[in-house]
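1. sequence and predicted structure below; questions after.
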Amino acid sequence: MLLQRPIISAEELATNLNAVRVLDCRARLGDPHAGGQAYAAGHIPGAIHADLDQDLADPPGKNGRHPLPARDRWLATCRRWGLNDEDAIVAYDDAGGAFAARAWWMLRWLGHGNVAVLDGGLQAWQRAQPDSLLTQATQTAPGTFSDRRPLTRTVTAQDIASMPATLVDARARARFEGREEPIDHTAGHIPGAVCLPNSENLNADGGFKSSETLAARFADLNGDIICYCGSGVTAAHNILAMISAGLPEPALYPGSWSEWIEDPSRPIATGP
């Protein structure tokens, strides 16, 4: 199956469930067990649990709270899940795609473009397919997924300091402005960045806004675009929204704010 868009409806997923591979990316920041517990309590049939901390990131450290895993480790994870190059893959969560977009981006990082995020997440699935969740873990044979040319772009903190670009911060405005910081040890944002919270890519029902509305949201961005957030996770949500809107793919700063603040020589800004 060839996925036509990077966002797929619950109805389309249900119709084609036997023709796609599904990743359950549910997670809760600060609770490393929440995703596994949610998966065990009930998941979309055939879904594989994709753990944010164990599978989609390396351990936290000087490179941030959710640094990208080494490509060979991520490739081994995909093969362990039974993924193959010809697979259509759909990722979902229960947070409007905030974590599923990370898996979507990482699969494209390995050159796999036939991947989408479930619009509206598990909530939309349950509205469309009530009483359909399974509790038994999905068993798969090892796959032959390969490392191909990346479809994505990344930048480092050093790149940001030396290249002209528009920085887009996906965090909530209160964190961006430094009025509160519930997660990282230092508040504020990278100087020159603009705040476009990823939560504002969504409608009130948790689904993505239309492509036209998203295109208008990002219309004022100029030049080369770099997306970041607290730890490189929800920044992928803005990248997904931009691609859904038909815009060129921006770069991701994977270390994001949690890496930026580990070097005291890097500048910090507060306020709007």
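-> Nice, I can see it. As the structure is a prediction and not an experimental result, all values here were calculated from the model. Numbers count the residues shown, from 1 in each chain.
2. tell me the contacts of residue 7?
-> Residues in contact with residue 7 (Cβ atoms under 8 Å, 6 or more residues apart in numbering) are 97, 116-119, 208, 240, 244. To be clear about C-beta, it is placed using only N, CA and C from the backbone, and glycine gets the same treatment.
3. which parts of the lowest-mean-pLDDT helix or strand in the chain are buried?
-> Least confident helix or strand, the chain: helix 157-162 with a mean of 94, by mean pLDDT, DSSP states H and E. For helix 157-162, burial by neighbour count (16 or more other Cβ atoms under 10 Å) applies to 157, 160.
4. can you give the contact residues for that helix?
-> Helix 157-162 is contacted from outside by 167, 190, 226, 253, 255, 259-260, 263, 266, using Cβ under 8 Å, 6+ apart.
5. show me which of those residues are buried.
-> 167, 190, 226, 253, 255, 259-260.
6. remind me which residues of the stretch 1-150 of the chain are low pLDDT?
-> Nowhere does the stretch 1-150 of the chain drop to pLDDT under 70.
7. re earlier: which two of the contacts of helix 157-162 have the greatest separation?
-> Greatest spatial distance among those (Cβ to Cβ): 226 and 263, at 17.3 Å.
8. what's the first helix or strand after the least confident helix or strand of the chain?
-> strand 166-169 (DSSP states H and E).
9. contact partners of the helix or strand just after that following strand?
-> Sequence order places helix 173-176 as the next helix or strand after strand 166-169, per DSSP H and E. Residues from elsewhere that reach helix 173-176 (Cβ under 8 Å, 6+ apart): 169, 180-183, 187-189, 193, 195, 197, 230.
10. at 6 Å instead, please
-> Under the criterion Cβ atoms under 6 Å, 6 or more residues apart in numbering, residues 169, 180-181, 189, 195 lie in contact with helix 173-176.
11. residue boundaries of the strands in the chain?
-> Ranges of strands in the chain, per DSSP state E, are 7-8, 21-24, 47-49, 89-92, 115-118, 166-169, 194-195, 225-228, 251-252.
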